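Peer 1: Have a look; sequence and predicted model below, questions after that.
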Amino acid sequence: MTSLPPFEELEHTADVGLRVYGADFATLCVHAARGMTRLMLDADIPEAATVSESISVSAHGHEAVLHAWLSELLYRCAVRKLLPVDFHPRNCDEHGLSMELRSVRVDEALRRDMSEIKAVTWHALRVWREERGWVATVIFDT
Amino acid sequence: MELRQLTPTLWEIPKHGRMRVPGRVYASAAMMESIRKDKSLEQVANVAQLPGIVRYSLAMPDIHWGYGFPIGGVCATHAEDGVISPGGVGYDINCGVRLLATGLNVADVRPRMRALVAELFRQVPTGVGASKAIPKLDRKELRAVATQGAGWAVRRGFGGDRDVDFIEEHGCLADADPDAVGERPWERGADQLGTLGSGNHFLEIGVVEEIHDERAAAVFGLQRDAVVLLIHCGSRGFGYQICDDYLAVTQRASEKYGIALPDRQLACAPLRSDEGRRYLGAMRCAANYAFANRQIIMQLARRAFAEVLRRPESELGFRLIYDICHNIAKFETQEVDGEQLRVCMHRKGATRAYGPGNTHIPEVYRSVGQPVLIPGDMGRYSYLCVGTERAMRETFGSSCHGAGRHLSRKKALDAGKGRDIVGELRERGVEIQATGLRTIAEEMPQAYKDVADVVGVMHDAGISTRVARFKPLGVIKG
């Protein structure tokens, strides 16, 4: 996580949001995940990722896939205390995605620096294609 | 959007497009200038499209842009042909506020404030993923929490038998259905009972700095300079996951039952459908988890006071004044056009505010009305108000729930850069301890609107009237 991922924070008074860009849908999902991790931890992420795993989600439509993917990461963060930091897409389309990822364990020191995201909302969730690539907007409940 | 001002504190969005009823928003003219700048009025109009909505889509003066429903939104749907919407409750199901009186005076605690805050912080886990306030519960015990609410906590030694008489719905929503809860909420909720969490949740030691209504304050046993405790939190990951799971279920249900939605976050299901009933059953489990959560935190706070002040808990005069929900859906009987109507009340960032004489409020409070607890920010003040007869007529017995943010979290962080917010608060007489410094910046007083303005609109409109104002002395946060 040394280079800046292509996402920007959207202004939302009560909650937080992201506008995400990607050359293709798979890259868009990777950048959305990086953006969400950045919202949860606006600090240097430890370089030594400790857990590698594969995740698959399925849904109907690009927006639903993006929602399922980010929600899956939030669930793993909450229950298994794993903060995802590195992503390698395998398959990714409007029916679902498979992703290899590395995560850092959320220890007490890391937890103190984190902000809570409760959920990925459906409000203003959009995925669309432009000439320069794919774009998404996502609002999180915080 | 067309907006008609009906009174100095009430505005109407006339019925247009697919709206089934008009929208009504309580706000001053100055507030409305700001409200118009975000999408919250559009959200009031969207809610007015829900099948079975009764009379109005309402918003309280702390209205702001939410997701699906606006924060501060109130909507009643007909119990027979109406819908239930998880977005009308929110992710933090039964987020709410609890007010506790003590027998202490400000002079008793001021010299020990730093130690009190430190001990509260030690006893009550805070922050992202906070856990282990009490031993992790197995599934059988979690199911008991989900069906018994605050009563479960009392039976495990957290508080006294009389506490439940001073909690909305006696601290337990009936007909909770643990079988309607999926696997993931249980996993997320297993070790989070008795924890505050993060964001705007807090535990605050306050002092009564002003009495506005002597008679009502006397009924609640409050005098000037008395020390109180305020607890603001909800159902933690258990509730978030139930909401998330049922948004998927109700999105499919909306398609199945042919309900056109202006926003997918407004996904809903007919109250009488299997999907609607299952969401209600699961949502009630989360509401009961939240009641138990606040009950446990209250007891942990009592212990912290006893340890720091080196006096038995029984000598400190703790007494639960009231506990209210502000993210909830419940069946209630409301008078509509002279008839008693069974409705499903959605309050999303809004508080029940029943008037005097109502049999759903504690008997000892019936002469003055239901306590309405309205926290402000951690630097200024919070309010205790009471519900009114007028609220019963105009807002289905509902009022506001808080100040509402003035700055986004990002802007608050920018505004806090290079500042010592903890030191600034200490100079104002507020001791604070939080898990993360970032939370303190995000939650600093200037990030919030002045809650006195919000409370003032509700008071002037006759919906909930001021009783007392509390100044914070010590705060713990996530």
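Peer 2: Ah, there it is.

Peer 1: for chain A, what's the longest helix?
Peer 2: helix A:62-80 (DSSP state H).

Peer 1: what about that helix, near chain B?
Peer 2: Yes: Helix A:62-80 is in contact with chain B by Cβ under 8 Å from any Cβ of the partner chain, via A:71, A:75, A:77, A:78, A:79. For glycine as for every other residue, the C-beta is placed from the backbone atoms N, C-alpha and C.

Peer 1: most surrounded residue in those residues?
Peer 2: Among the residues of helix A:62-80 next to chain B, residue A:78 has the most neighbours (other Cβ atoms under 10 Å in any protein chain shown), with 24 neighbours.

Peer 1: who's in contact with it?
Peer 2: B:129, B:188, B:237 (Cβ atoms under 8 Å, 6 or more residues apart in numbering or on different chains).

Peer 1: Now the longest helix of chain A: buried residues?
Peer 2: Buried residues in helix A:62-80, counted by 16 or more other Cβ atoms under 10 Å in any protein chain shown: A:62-79.

Peer 1: Just give me the neighbour total for residue 139.
Peer 2: The chain I'm using is chain A. 23.

Peer 1: wrong one, I was asking about chain B
Peer 2: Residue B:139 - counted by other Cβ under 10 Å - has 12 other residues nearby.

Peer 1: quick revisit: CA atoms only for the next helix or strand after the longest helix of chain A - export them in PDB, please.
Peer 2: Counting by DSSP states H and E, the next helix or strand C-terminal to helix A:62-80 is strand A:82-93. Only the C-alpha atoms of strand A:82-93 are listed here, as PDB (Å, rounded to 0.1, in the frame of the first residue of the first chain):
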ATOM      1  CA  LEU A  82      -8.600  -8.800   9.700                       C
ATOM      2  CA  LEU A  83      -8.000  -5.500   7.900                       C
ATOM      3  CA  PRO A  84      -7.500  -6.100   4.200                       C
ATOM      4  CA  VAL A  85      -4.600  -4.300   2.600                       C
ATOM      5  CA  ASP A  86      -3.600  -6.100  -0.700                       C
ATOM      6  CA  PHE A  87      -5.900  -7.400  -3.400                       C
ATOM      7  CA  HIS A  88      -5.500  -9.600  -6.500                       C
ATOM      8  CA  PRO A  89      -8.600 -10.200  -8.500                       C
ATOM      9  CA  ARG A  90      -9.200 -13.500 -10.200                       C
ATOM     10  CA  ASN A  91     -12.600 -13.400 -11.700                       C
ATOM     11  CA  CYS A  92     -14.800 -10.300 -11.600                       C
ATOM     12  CA  ASP A  93     -18.000  -9.500 -13.400                       C
END
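
Peer 1: what is the rounded mean pLDDT of the helix or strand where residue A:32 lies?
Peer 2: According to DSSP H and E, residue A:32 maps onto helix A:25-40. In this model, helix A:25-40 has a mean pLDDT of 96.

Peer 1: Please list the residues of the stretch 1-150 of chain B that sit near chain A.
Peer 2: Residues of the stretch 1-150 of chain B found near chain A (Cβ under 8 Å from any Cβ) are B:38, B:64-68, B:71, B:87, B:90-92, B:127-129.

Peer 1: Spatially nearest residue to residue B:61 (excluding sequence neighbours)?
Peer 2: Spatial nearest neighbour of residue B:61, chain neighbours left out: residue B:457 (4.1 Å); criterion: Cβ to Cβ, 6 or more residues apart in numbering or on different chains.

Peer 1: For the helix holding residue A:32, name the packing helices and strands.
Peer 2: strand A:7-10, strand A:16-22, helix A:62-80, strand A:82-93, strand A:96-105, strand A:133-141 (3 or more Cβ pairs under 8 Å, 6 or more residues apart in numbering or on different chains; DSSP states H and E).

Peer 1: would you turn the ones you listed into TSV with mean pLDDT?
Peer 2: Output for the helices and strands packed on helix A:25-40, formatted as TSV (pLDDT from 0 to 100):
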stretch	mean pLDDT
strand A:7-10	92
strand A:16-22	95
helix A:62-80	97
strand A:82-93	94
strand A:96-105	95
strand A:133-141	95
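
Peer 1: what's the neighbour count on whatever residue of chain A ends up closest to chain B?
Peer 2: Chain A approaches chain B most closely through residue A:123 (3.2 Å), counting by Cβ to the nearest Cβ. Using other Cβ under 10 Å, the number of residues around residue A:123 comes to 23.
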